[in-house]
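Novice: Sharing a sequence plus its predicted fold:
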Amino acid sequence: MPVHNSIADMAETLKEWRRYIHQNPELGLECHQTAAFVVEKLKSFGISEIYTGIATSGVVAIIDGQGPGRTIGLRADMDALPMDDLSGSPHASQVPGVAHTCGHDGHTTMLLGAARYLAETRKFSGKVALIFQPAEEAEGGGRIMVEEGMMERFGIDEVYGIHNAPGGEEGHIHTAPGPLMAGVDTFYIDVQGVGGHGAMPYQAKDPVMAAVAIVQALQTIVSRNINALDALVITVTQIHAEGGTNIIPDTAQIVGTLRYFDKAVQATARERMAEVVEFAPKAFGQSATLTYEEGYPPTVNHAEQAAFAAEIARDVVGAEKVEENCEPIMAAEDFSYMLEARPGAYLFLGQGDTPVCHHPKYDFNDEIAPIGASFFATLVERALPLK
């Protein structure tokens with residue numbers, strides 16, 4: 001079954017919804033205006049079972065099918081990013097310093113399109129839980145919704161989500177069983193030295209030199225402590241040291257990110273990082289402390305649900321446009337928490353040759369919204385067939 005005709009017919013409406021959300025972006029957990037827009041649309045579809053205020057501004061709505069059955073969760077994220085919109089489009093963000101440069105406006109629109117179709121047709125048994133989530137980009141709204149008991153409260157049995165994919169061929173869908181996106185951690189290393197005059201470094205204990213040695217040693221973790229067949233990225237993104245051109249500072253700070261798929265790899269990397277931070281600065285007569293913050297865990301698709309989702313994708317866009325064993329990527333996603341709580345799958349929907357996500361000129365491709373909406377709708381009808 002290709003894109004549903006009734007969903008294709010609402011393409012212009014979907015575009016209007018998406019562009020309204022794009023013009024009115026919100027950050028983190030405070031997606032109240034977006035949530036109000038979502039609730040208004042859901043009510044206009046005849047959906048009455050709507051729950052708000054989950055993870056501060058999240059929304060869950062329930063659509064009942066024709067008879068008893070399981071509950072399928074469909075998730076879309078609503079939040080934007082703290083950056084300027086430089087797309088130059090007529091519907092660019094009207095909020096300075098806030099922009100939908102990751103396509104969450106499109107994800108919300110796709111789920112609204114599916115909601116409208118499913119509420120009108122109800123050609124399924126059981127229930128659909130529509131999950132509109134805040135704070136994917138920062139606080140981990142997915143984690144908070146799970147911790148607040150969303151899965152148990154609404155009896156969700158399986159959960160699915162879609163993310164747009166800049167650079168992927170427009171309308172192509174790809175996914176994979178097992179790890180699809182990486183886990184992400186953040187580290188801060190504070191080096192304590194002794195400052196002094198740049199002309200007399202022998203009278204100081206230069207923390208910059210110790211910091212450089214630590215950074216170099218960190219890179220050996222990937223090359224010498226981890227199996228070459230296992231994926232790990234340790235990236236130092238910042239080195240800070242206060243002072244002038246002729247001043248050796250007292251302290252330096254190193255900041256970076258760690259990405260992984262296997263929690264055993266994460267544990268090894270964290271252990272070795274602690275050893276490097278403890279011993280490397282001693283060669284310079286200094287000390288350092290490591291602050292390690294665990295972030296989103298890996299996004300790991302369940303094999304059965306990933307295969308089912310790929311089957312649905314083939315029905316919607318055609319077998320030639322579906323890759324069901326794609327390479328995982330090192331970006332992270334808090335849908336991971338939902339997949340830890342329930343079986344399900346995450347997929348990527350290609351949106352063509354556009355700027356990448358988080359680029360100030362990024363904009364969601366409205367042409368793929370009916371495809372995503374049809375995928376969600378078809379999945380529900382196939383997963384929850386009428387008795």
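Specialist: Okay, I see it. Numbering: from 1, shown residues only.
Novice: Would you indicate which residues of stretch 53-62 are buried?
Specialist: 54-62 (16 or more other C-beta atoms under 10 Å). The C-beta positions use only the backbone N, C-alpha and C, and glycine is treated the same way.
Novice: Okay, and which of these map to strands?
Specialist: 54, 58-62 (DSSP state E).
Novice: For Asp185, state which of the buried residues of stretch 53-62 is nearest.
Specialist: Using C-beta to C-beta, the shortest approach to Asp185 within the buried residues of stretch 53-62 belongs to Ala55, at 21.8 Å.
Novice: What helix or strand is Tyr337 located in?
Specialist: Element membership for Tyr337, per DSSP states H and E: helix 335-341.
Novice: partners of the helix or strand just after that helix, with directions?
Specialist: For helix 335-341, the following helix or strand on the C-terminal side (DSSP H and E) is strand 344-350. Looking at strand 344-350 with DSSP bridges, its partner strands are strand 158-165 (parallel), strand 173-174 (antiparallel).
Novice: Dump the ones you listed into TSV; add distance to Ala369 as well.
Specialist: Listed next are those as TSV, based on distance: least, C-beta to C-beta, whole Å:
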stretch	distance to Ala369
strand 158-165	10
strand 173-174	14
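Novice: closest one to Leu339 among the ones you listed?
Specialist: The nearest among the strands paired with strand 344-350, by C-beta to C-beta, is strand 158-165 at 7.1 Å.
Novice: Any idea how far the closest one is from the middle of the chain?
Specialist: Between the centre of strand 158-165 and the centre of its chain there are 10 Å (C-alpha atoms, centre = their mean, to the nearest Å).
Novice: average pLDDT for that strand?
Specialist: Throughout strand 158-165, pLDDT has a mean value of 98.
Novice: Most widely separated two among the ones in strands among the buried residues of stretch 53-62?
Specialist: Farthest pair in those, by C-beta to C-beta: Gly58 and Ile62, 14.0 Å.
Novice: Looks to me like Asp185 is in a helix.
Specialist: No: assigned with DSSP: H, G, I helix; E, B strand; the rest coil, Asp185 falls outside any helix and is strand.
Novice: just checking, it touches Glu294?
Specialist: Yes: judged on C-beta atoms under 8 Å, Asp185 makes contact with Glu294 at a distance of 5.2 Å.
Novice: okay, those two: which has more neighbours?
Specialist: Asp185 (22 against 12; other C-beta atoms under 10 Å).
Novice: Please name the bridge partners of that one.
Specialist: Leu258, Glu294.
Novice: quick one: it and Val356, what's the gap?
Specialist: Using C-beta to C-beta, to the nearest Å, Asp185 is found at 22 Å from Val356.
Novice: same question, Asn325
Specialist: 23 Å.
Novice: And for Pro68?
Specialist: 44 Å.
Novice: same check, this time on Glu381
Specialist: Distance of Glu381 to Val356, computed by C-beta to C-beta: 33 Å.
Novice: cool, Gln133 as well?
Specialist: In this view, Gln133 and Val356 are 22 Å apart by C-beta to C-beta.
Novice: Then Gly28?
Specialist: 22 Å.
Novice: So for the two, which sits in the more crowded spot?
Specialist: Comparing Gly28 with Val356 by other C-beta under 10 Å, the one with more neighbours is Gly28, at 18 against 12.
Novice: now that one, what's its secondary structure?
Specialist: Applying three-state DSSP: Gly28 is coil.
Novice: What does the pLDDT read for it?
Specialist: pLDDT recorded at Gly28 is 98.
Novice: How many residues are close by the closest residue to Asp363 other than its chain neighbours?
Specialist: The shortest distance from Asp363 to any non-neighbouring residue, by C-beta to C-beta, 6 or more residues apart in numbering, is to Ser87 (4.6 Å). Ser87 has 21 neighbouring residues, counting by other C-beta under 10 Å.
Novice: quick one, what contacts Ser87?
Specialist: By C-beta atoms under 8 Å, 6 or more residues apart in numbering, Ser87 lies in contact with 360-363.
Novice: repeat that with 7 Å
Specialist: Shown in contact with Ser87 (C-beta atoms under 7 Å, 6 or more residues apart in numbering): 361-363.
Novice: Over to Met110?
Specialist: 76, 162, 369, 372-373, 376 are the contacts of Met110 under C-beta under 7 Å, 6+ apart.
Novice: now for the helix holding Tyr337, which elements pack on it?
Specialist: Applying 3 or more C-beta pairs under 7 Å, 6 or more residues apart in numbering; DSSP states H and E, one finds that helix 335-341 contacts helix 141-147, strand 299-301, strand 344-350.
Novice: try it again with 10 Å
Specialist: Helix 335-341 sits against strand 71-77, strand 127-133, helix 141-147, helix 150-153, strand 158-165, strand 178-181, strand 299-301, strand 344-350, with contacts defined as 3 or more C-beta pairs under 10 Å, 6 or more residues apart in numbering; DSSP states H and E.
Novice: Now do that helix: distance to the chain's middle.
Specialist: 11 Å.
Novice: Could you export that helix as CSV, CA atoms only?
Specialist: Extracted C-alpha coordinates of helix 335-341, given in CSV (Å, rounded to 0.1, in the frame of the first residue of the first chain):
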residue,chain,number,x,y,z
PHE,A,335,14.2,7.7,21.8
SER,A,336,16.8,5.2,23.2
TYR,A,337,15.0,5.4,26.6
MET,A,338,11.7,4.3,25.1
LEU,A,339,13.4,1.4,23.3
GLU,A,340,14.9,0.4,26.6
ALA,A,341,11.4,0.3,28.1
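Novice: Can you point out the buried residues in that helix?
Specialist: So for helix 335-341, counting by 16+ other C-beta under 10 Å, buried means 335-339, 341.
Novice: quick check, nearest of the residues you listed to Ile50?
Specialist: Using C-beta to C-beta, those come closest to Ile50 at Met338, 19.5 Å.
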